[in-house]
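Novice: below is the sequence, then the predicted model.
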Amino acid sequence: MKYLSTRGGMPPARFTEILLGGLAPDGGLVVPEHYPRIDAATLASWRKLSYPALAFEILRLYADDLPEADLRALIDRTYTAQTFGSADITPLHTLEPGLHLLRLSNGPTLAFKDVAMQLLGQLFEYVLAKQGRELNILGATSGDTGSAAEYAMRGRRGIRVFMLSPHGRMSPFQTAQMFSLDDPNIFNIAVDGVFDDCQDMVKAVSNDLAFKQRYAIGTVNSINWARVVAQVVYYFKGFFAATEGDSQPVSFAVPSGNFGNVLAGHIARMMGLPISRLVVATNENDVLDEFFRTGRYRPRGAAETHQTSSPSMDISKASNFERFVYDLVGADAARVAAMWRGLDQRGEFDVAGTPEFARLREFGFVSGCSRHADRLATIREVRARYGVTIDTHTADGYHVAQPWREPGVPMVCLETAQAAKFADAIREAIGEEAPRPPGFEDLESRPQRFHRMAADVEALERYIAERCAD
Ligand SMILES: *Cc1c(COP(=O)(O)O)cnc(C)c1O
C-alpha cells in the first residue's frame, strides 16, 4: 500500500514512513492510494473472528510493510480483556431489536479514543526501536485526547509525552486521570491560561524548526492515519454483532468533532461493508451538520466555538474532513488543493448545486444537530426506557439517529465515552451520580503530579530540553 497527499504534493510513501508524521509536506492529509475491497466470501469468513484477529486482517491491508508476525503480536498485545474489560473489546449492547449501542469506551480512559491510541502506542514504540530513534510527543489537551495519549504511551521506551492543559480548567475526573500517572516518561504541564494558550505554545515550539528537530518533537493528533485505520475495525465488529447475514445493511450514528471516527465508518463502507447510513451527529458546534445539509463548509473561529456539555465535540474545524472531500471529488488532488486555497482566502467553500453535493447521499452521509436540552432529555429517556445511563456525546448521537432509522436496518449508536466522565451533566439530567466502573472509585484522591508553568514558550522549551538530557 502506498500513501499520497490529498493535495497531490507528496511522493508515495509506505505505512511505516507516514506513521509518525502529521500533515503531508504540502499541507494536505495522508491517504491510501486506494481502499482494498472486501469481497462477500472474505466478509463472511471474518464474521467469526475475535477482535484482535479481525484487527489483524484489516490492518495488514494498510500496514503491509510491517512483518505480519510483528503486526499480529502488536495487535494481540493491544486488544486484551485486561485493557478493554472484555474479550469483545467493543461489545454490542442491544437496547431493543434494531437499536444498539456499540460500546467503544471500555479502555483505560473511558473514551473511544483509547481503541486507536492503545495500538498507536505499540506501533510507535516498535517503529522507533527499529529506526533507532526517540520521539518527544508534545500536545495540548482540554481532556480526552491528552489522557488517551498518556495512557497509550506510558512506560514506552523511546517516547516521552509533554502534555499541556489549562490549569484548573479540566474536570476533576479528567485532571485526576492525567495527573495521577506517575510514569517517568509522562510530563503533565498545567499552564496558567486557557486551552488556546496551550495550543499556541505547542504551535510555537513546532514552528521552531531547529528545536523541533534537535529534540525530535512529534504529535499524536487526530489526523494520524494509523488512528483512523484502527477505528475501521470496530465498524466491521459492530456490523457482525448487529446482523445475522452478511448482506443485511446496518447504519451507524457517530457523535462527531474532528471527523476521525465517522471517517473510519466511511472507509469501512468504501471497503465494501454494507452500511446504509452514516449519521453525523454534532452538538451546537454544527459545522459538519451545516455541510451535509447545505453543501457549505464554514469552519468557525474560537469566538464562535461554543462550550457545551459534550465538550469533546466542541470543534470549530474538522481536521479529518479533507480526507472525505478527497473521496467526494473522485481523488482529484488539484481540486482539493483549490478548495482549501479558497478556504484559506474566503474562510469557506460551498459545493451546493454541484454533482458532488448530489453524491453525498450516495456515500451514505446524513446529519443532524443536538443541543443541551436534547442531550439531557435523551439521557433521561434512555435511562427510563432501557435502564442504561449514556454520556452526553453518545446522547447526541442517539438523538440525531432517531429520524434516520429505517425498517429492517439496525441502527448502531457508537458510545464514545462513559457517563462517569461527565458527572455534572448526568446529575443535571437524571438527578443522580453516573455509575463508575470498577477501579475508578478513588481516582480523585490519588496523588497528583504536574508542573505548573506560565504561558511562556521559552520556559516550555527549557523544560523539555532539561528532561531530554537525562
Ligand atoms: C473525540 C471525541 C468525539 C469526536 O470524535 P471525532 O473523531 O473527533 O469526530 C466524540 N465523543 C467523544 C467522547 C470524544 O472523546
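Specialist: Structure's in. What do you need? Numbers count the residues shown, from 1 in each chain.
Novice: just give me how far the helix or strand where E458 lies sits from the chain centre.
Specialist: For E458, the host element (DSSP states H and E) is helix 457-469. Centroid separation for helix 457-469 versus its chain: 29 Å, with CA atoms, centre = their mean, to the nearest Å.
Novice: avg pLDDT for it?
Specialist: Averaging pLDDT along helix 457-469 yields 95.
Novice: touching it from outside, list them.
Specialist: Helix 457-469 has contacts (CB atoms under 8 Å, 6 or more residues apart in numbering) with 136, 138, 160, 162, 164, 187, 189, 201, 204-205, 208, 211, 215, 217, 451, 453. Any C-beta I mention is one placed from the backbone N, CA and C, and that applies to glycine too.
Novice: ok, now with 7 Å
Specialist: With contact meaning CB atoms under 7 Å, 6 or more residues apart in numbering, helix 457-469 is reached by 136, 160, 162, 187, 201, 204-205, 211, 215, 451, 453.
Novice: same question for stretch 104-115.
Specialist: By CB under 7 Å, 6+ apart, the list of residues contacting stretch 104-115 from outside reads 83-86, 90, 118, 144-145, 147-148, 151, 177, 230-231, 234, 261, 414-418, 420-421, 437.
Novice: got a list of what the residue nearest to P52 when sequence neighbours are not counted touches?
Specialist: Spatial nearest neighbour of P52, chain neighbours left out: Y79 (4.4 Å); criterion: CB to CB, 6 or more residues apart in numbering. By CB under 7 Å, 6+ apart, the contact list for Y79 reads 51-52, 55, 89.
Novice: phi and psi next, for Y79.
Specialist: For Y79, the backbone dihedrals (degrees, to the nearest 10) come out as phi -90, psi 80.
Novice: okay, angle between the helix or strand bottoming out on mean pLDDT in the chain and helix 457-469 too, please.
Specialist: Counting by mean pLDDT, DSSP states H and E, the weakest-scoring helix or strand in the chain turns out to be helix 195-207, with a mean of 89. Per axes from the mean of the first three to the mean of the last three CA atoms, to 10 degrees, the angle that helix 195-207 makes with helix 457-469 is 60 degrees.
Novice: name the helices or strands packed onto helix 195-207?
Specialist: Helices and strands touching helix 195-207, by 3 or more CB pairs under 7 Å, 6 or more residues apart in numbering; DSSP states H and E, are strand 135-140, strand 159-166, strand 186-192, helix 209-214, helix 457-469.
Novice: please name whichever of these is nearest to the ligand.
Specialist: With CB to the nearest ligand atom as the measure, strand 135-140 is the member of these nearest the ligand (13.5 Å).
Novice: now that closest one: how far from the chain's centre is it?
Specialist: On the basis of CA atoms, centre = their mean, strand 135-140 sits 17 Å off its chain's mean C-alpha point.
Novice: burial measure for the residue lying closest to L360 once chain neighbours are set aside, as a count.
Specialist: In space, and not counting its chain neighbours, L360 is closest to F292: 6.2 Å by CB to CB, 6+ apart. Around F292 sit 21 other residues, with neighbours defined as other CB atoms under 10 Å.
Novice: so F292 sits right up against S367, yeah?
Specialist: Yes. With contact defined as CB atoms under 7 Å, F292 reaches S367; the gap is 3.7 Å.
Novice: spit out the residues that contact those two alike.
Specialist: With CB under 7 Å, 6+ apart, F292 and S367 have common neighbours V280.
Novice: C413 is in what secondary structure piece?
Specialist: Using DSSP H and E, C413 sits in strand 411-415.
Novice: and the next helix or strand past that strand?
Specialist: Sequence order places helix 423-430 as the next helix or strand after strand 411-415, per DSSP H and E.
Novice: can you show me the strands along the stretch 301-450 of the chain?
Specialist: Here the stretch 301-450 of the chain has its strands, by DSSP state E, counting those that start in this stretch, at 349-350, 365-369, 411-415.
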